[in-house]
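Asker: Any chance you can model this:
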Amino acid sequence: SSVEPVFVPGVWGPYYSAMVPELYLNEGGQSTAGKLLDHVTLTHGATAQLQAIAKERGVSRYTVLDERLAEMAAEQGLPARKLGLLTADLHVTPDFFGNRSPLADPGMRGGIIGLPLSANLDDLALLYLATLQALAYQTKHIIDTMVENGHAPIETIWVTGGLIKNRLYLQAHADATGCTLVLPQEQEAVLLGSAVLGARAAGVFPDLPTAMSQMSSVGELIKPYQLECADECDVSVPSFHACKYKVFRKMTDDQREYRELMATAM
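Answerer: Residues are numbered from 1 along each chain as shown. The predicted model follows:
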C-alpha cells in the first residue's frame, strides 16, 4: 500500500482504499505457486518412490523432500542454512501457466535448465528446491519492478496462506529478496481478516487500522541470511542468490526472444 498512487506495468492497480482506507493498493501476483509445486513433484520419474516413502512414514511428500535435501547438504559438507546452494547448476522459471506479474504475459511458459539423464529421488529433490527458488526470484522481480516505477523500497513481506507451512519456501523468499518475512500468530489469517472486518462493521473498533492492530499479532520473523547473523555472515548465500537471480532474469528475457524468433517462421 502507498499514500500516493503508483502505476507499475504488469502490476494491478493502484486501487484507492481497496484494502486499507485512504491508501492505494498495488497487486502483483503469480499464476501458480502451490499448484506448480504439486505439478513438479507429481509428474517426475521419482514420484512413485516419493509417494511410497511418504505413505510408509505417514508424512507429506514435501517433508520427505525437505529431509532428503538436508541429507544431501550434509553429504556435501554444506551447513543446513546453506542448503539452497545445492541448485547451482539447476535453474527454473515458474511460468508454467503464463506470467501474471510483472510481465502480464499469458504466453510465457515454464523453463528448466540443467536436467540430468537420471530421474531419481535426489533429482526430484533438487528440482523441487530450484522451483521454490524460482518462485522467490519471481517475487523479487515483482518487487524490483514496483520499486523501479516509483514505489517505496520494500523491506518486509507479510505472509499468509498455505505455503507458510513450507519452511524452505519462506527461507528462499527471505534470502532471494533480502526482505524479512513476517508470519501471523493466527495461521488462518484469511478467516481472521473476515473477523476484523466484521468487528469494524459492528462498531467494536473506530476504524480498520485499529481493528487490525488489536486483533492480529506477529507470530514469527524469517530473516534473510545477511540479517540473520549480522557481521558474522560470509557472502556466499546472498552472492549465490544474486547470481541465480541474474540467470532467472536472463532465462525470462531469452524465452521472449525465442518467441519473437519463432513468430517470424513462415
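
Asker: Give me the below-cutoff pLDDT ranges for the stretch 151-266 of the chain.
Answerer: Along the stretch 151-266 of the chain, segments meeting pLDDT under 70 span 230-233, 266.

Asker: Now do the SS call for residue 193.
Answerer: Here residue 193 is recorded as helix under DSSP: H, G, I helix; E, B strand; the rest coil.

Asker: so where do the helices sit in the chain?
Answerer: Using DSSP state H, the helices of the chain run over 34-42, 47-57, 61-75, 121-148, 167-177, 189-201, 208-215, 225-228, 236-263.

Asker: now those as a markdown table including distance to residue 113 and mean neighbour count?
Answerer: C-beta coordinates here come from the backbone N, C-alpha and C atoms, glycine included. Shown next, in a markdown table, are the helices of the chain (distance: least, C-beta to C-beta, whole Å; neighbours: other C-beta atoms under 10 Å):
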| stretch | distance to residue 113 | mean neighbour count |
| --- | --- | --- |
| helix 34-42 | 15 | 17 |
| helix 47-57 | 21 | 14 |
| helix 61-75 | 20 | 17 |
| helix 121-148 | 9 | 22 |
| helix 167-177 | 18 | 22 |
| helix 189-201 | 36 | 15 |
| helix 208-215 | 43 | 15 |
| helix 225-228 | 24 | 17 |
| helix 236-263 | 7 | 15 |
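
Asker: looking at these, which is closest to residue 25?
Answerer: Closest of the helices of the chain to residue 25 is helix 121-148, at 11.9 Å (criterion: C-beta to C-beta).

Asker: In JSON lines: the helices of the chain, plus distance to residue 8.
Answerer: JSON lines is the format used below for the helices of the chain (distance: least, C-beta to C-beta, whole Å):
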{"stretch": "helix 34-42", "distance to residue 8": "23"}
{"stretch": "helix 47-57", "distance to residue 8": "38"}
{"stretch": "helix 61-75", "distance to residue 8": "32"}
{"stretch": "helix 121-148", "distance to residue 8": "5"}
{"stretch": "helix 167-177", "distance to residue 8": "16"}
{"stretch": "helix 189-201", "distance to residue 8": "24"}
{"stretch": "helix 208-215", "distance to residue 8": "24"}
{"stretch": "helix 225-228", "distance to residue 8": "26"}
{"stretch": "helix 236-263", "distance to residue 8": "17"}
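
Asker: Extract the CA atoms of stretch 22-40 and return them as PDB.
Answerer: Below are the C-alpha coordinates for stretch 22-40, written out as PDB (Å, rounded to 0.1, in the frame of the first residue of the first chain):
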ATOM      1  CA  GLU A  22      -7.200   6.100   2.200                       C
ATOM      2  CA  LEU A  23      -4.200   4.100   1.000                       C
ATOM      3  CA  TYR A  24      -3.600   2.900  -2.600                       C
ATOM      4  CA  LEU A  25      -3.100  -0.800  -3.200                       C
ATOM      5  CA  ASN A  26      -0.900  -2.400  -5.900                       C
ATOM      6  CA  GLU A  27      -1.400  -6.100  -6.600                       C
ATOM      7  CA  GLY A  28       1.300  -8.300  -8.100                       C
ATOM      8  CA  GLY A  29       0.700 -12.000  -8.300                       C
ATOM      9  CA  GLN A  30       1.900 -15.300  -9.700                       C
ATOM     10  CA  SER A  31      -0.200 -17.500 -11.900                       C
ATOM     11  CA  THR A  32       0.700 -20.700  -9.900                       C
ATOM     12  CA  ALA A  33       2.700 -21.400  -6.700                       C
ATOM     13  CA  GLY A  34       1.400 -24.300  -4.700                       C
ATOM     14  CA  LYS A  35      -0.100 -25.900  -7.800                       C
ATOM     15  CA  LEU A  36       3.200 -25.600  -9.500                       C
ATOM     16  CA  LEU A  37       4.900 -27.500  -6.600                       C
ATOM     17  CA  ASP A  38       2.300 -30.200  -6.900                       C
ATOM     18  CA  HIS A  39       2.900 -30.400 -10.700                       C
ATOM     19  CA  VAL A  40       6.700 -30.700 -10.300                       C
END
